[in-house]
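Peer 1: give the three-dimensional model of this entry:
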Amino acid sequence: MFLQRALITLTLGPLALYLIYLGGFFYFIPLAIILLLASLEYSQIVQKIGWHTPPFLLVPIVAIQWILARWPEPTLFGPLLLLSLLIVTAFTLWQYEMRSSQTVPANWFATVAGLVLFGWVCGHFFRLRTLPDMAWQWTMLAMLSTWIADSGAYLVGRFVAGRIIFGKHALSPRLSPNKTVEGFLGGVVLGTVFTVLIGSWLGIDYLPALLLGLLVSTIGTVGDLGISLLKREAGVKDSGALFPGHGGALDRIDSLMWTVAIAYYLALLFL
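Peer 2: Here you go, the predicted model:
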């Protein structure tokens, strides 16, 4: 499993970084495909829980939000999100009247959560890469920081905790039994140190890189555990099988979607 994960990372990682550097359609089209697959995986997961998020409603609205998100601070981005929530609410009310289903409130919540996650939060993948200055550098640093923190947590938790470091303590026994406190701390340290080093190489100042490293390695874990909660309730280990050894598209962006949003607002603050 570890070798398989490593081979996929070493193959797709450099390609992803090169597409970030190129930008334009080389970046946006593959990204849109991955995000669409992730949103469909999300719909399948919540359906296994017993909730329903209509893809014919979720996917087009989310895709339109991504298009608008390509322009920094677009005037239509906020109003469209509000309109999207109103459309989902109206559809849910109609669904309740027609079916009188007890799961309709849960359906509404799951669909709204999907719109916010895949429309607004994931919209920052596009917004970060279209910054007027240092766009590819910030995007690349956000993704590298996330990958390093995630890999550091995995390696420390699996190969160091309980062997070199005394003890092995579960971080969240119910949500993700394999995650350890030692792995989490290892991810924070490695993620922060390497984010500062790589940020310096990319021309990003020490302070924003330090803040990004700390925030990415901590908040990214929260995003990961949030999707783990849904998967546990649905009784599935992975969101899909798109990447052997890594799971589905949603498994790959569950923490990244939050860290890219953090990077966007840090970039606005320090640029």
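Peer 1: what ranges do the helices span in the stretch 51-200 of the chain?
Peer 2: When secondary structure is read from DSSP state H, counting those that start in this stretch, the stretch 51-200 of the chain shows helices at 55-69, 77-99, 104-115, 123-129, 135-155, 181-202.
Peer 1: and those: which comes nearest residue 14?
Peer 2: Between residue 14 and those, the tightest spacing by Cβ to Cβ is seen for helix 135-155, at 11.2 Å. Bear in mind the C-beta positions are built from the backbone N, C-alpha and C, glycine included.
Peer 1: so where is this structure shaky, pLDDT-wise?
Peer 2: 1-6, 56-57, 68-86, 88-89, 91-105, 159-167, 175, 244-246 (pLDDT under 70).
Peer 1: for it, which helix is longest?
Peer 2: In the chain, with assignment by DSSP state H, the single longest helix is helix 206-234.
Peer 1: okay, buried residues for that helix please.
Peer 2: The neighbour-count criterion (16 or more other Cβ atoms under 10 Å) identifies 208-209, 211-218, 220-221, 223-225, 227-228, 230-232, 234 as the buried residues of helix 206-234.
Peer 1: check contacts around the closest residue to residue 219 other than its chain neighbours.
Peer 2: Nearest-residue entry for residue 219: residue 258, 5.5 Å, with adjacent residues in sequence omitted and distances by Cβ to Cβ, 6 or more residues apart in numbering. Contact partners of residue 258, counting by Cβ atoms under 8 Å, 6 or more residues apart in numbering, are 121, 219-220, 222-223.
Peer 1: again, but for residue 233
Peer 2: Shown in contact with residue 233 (Cβ under 8 Å, 6+ apart): residue 49.
Peer 1: quick one: the closest residue to residue 13 other than its chain neighbours from residue 198, how far?
Peer 2: Ranked by Cβ to Cβ, 6+ apart and with sequence neighbours excluded, the top spatial neighbour of residue 13 is residue 147, at 6.9 Å. From residue 147 across to residue 198, the span is 11 Å (Cβ to Cβ, to the nearest Å).
Peer 1: and the longest strand along the chain, what's buried?
Peer 2: Among the segments of the chain that qualify as a strand by DSSP state E, the longest is strand 176-180. Within strand 176-180, the residues that count as buried by 16+ other Cβ under 10 Å are 176, 179-180.
Peer 1: off-centre distance for the longest helix of the chain?
Peer 2: Mean C-alpha position of helix 206-234 versus that of the full chain (Cα atoms, centre = their mean, to the nearest Å) differs by 8 Å.
Peer 1: who's more crowded, residue 147 and residue 198?
Peer 2: Neighbours of residue 147 and residue 198, each counted by other Cβ atoms under 10 Å, are more numerous for residue 147; the result is 22 against 18.
Peer 1: now do that one against residue 114, distance only.
Peer 2: Here the criterion is Cβ to Cβ. By it, residue 147 lies 25 Å from residue 114.
Peer 1: which residues does stretch 173-193 contact?
Peer 2: Where contact means Cβ under 8 Å, 6+ apart, the residues beyond stretch 173-193 that reach it are 145-146, 148-158, 160-162, 165, 167-172, 210, 213-214, 216-218, 221, 224-225, 228-229, 232.
Peer 1: same question for stretch 129-148.
Peer 2: Residues outside stretch 129-148 that contact it (Cβ under 8 Å, 6+ apart): 9, 13, 16-17, 20-21, 23, 27-28, 70-72, 125, 128, 190-191, 194-195, 198-199, 202-204, 209, 212-213, 216-217, 220, 255-256, 259-260, 262-264, 267-268, 271.
Peer 1: just the buried members of those residues?
Peer 2: A residue is treated as buried here by neighbour count (16+ other Cβ under 10 Å); on that basis the buried members of those are 9, 16-17, 20, 27-28, 125, 128, 190-191, 194-195, 198-199, 204, 209, 212-213, 216-217, 220, 255-256, 259-260, 262-264, 267.
Peer 1: and of the buried residues of strand 176-180, the nearest to residue 66?
Peer 2: Within these, proximity to residue 66 (Cβ to Cβ) peaks at residue 176, which comes in at 28.9 Å.
Peer 1: so what's the closest one bridging to?
Peer 2: Beta-bridge partners recorded for residue 176 (DSSP bridges): residue 172.
Peer 1: report the separation between it and residue 154.
Peer 2: Taking Cβ to Cβ as the measure, residue 176 falls 12 Å from residue 154.
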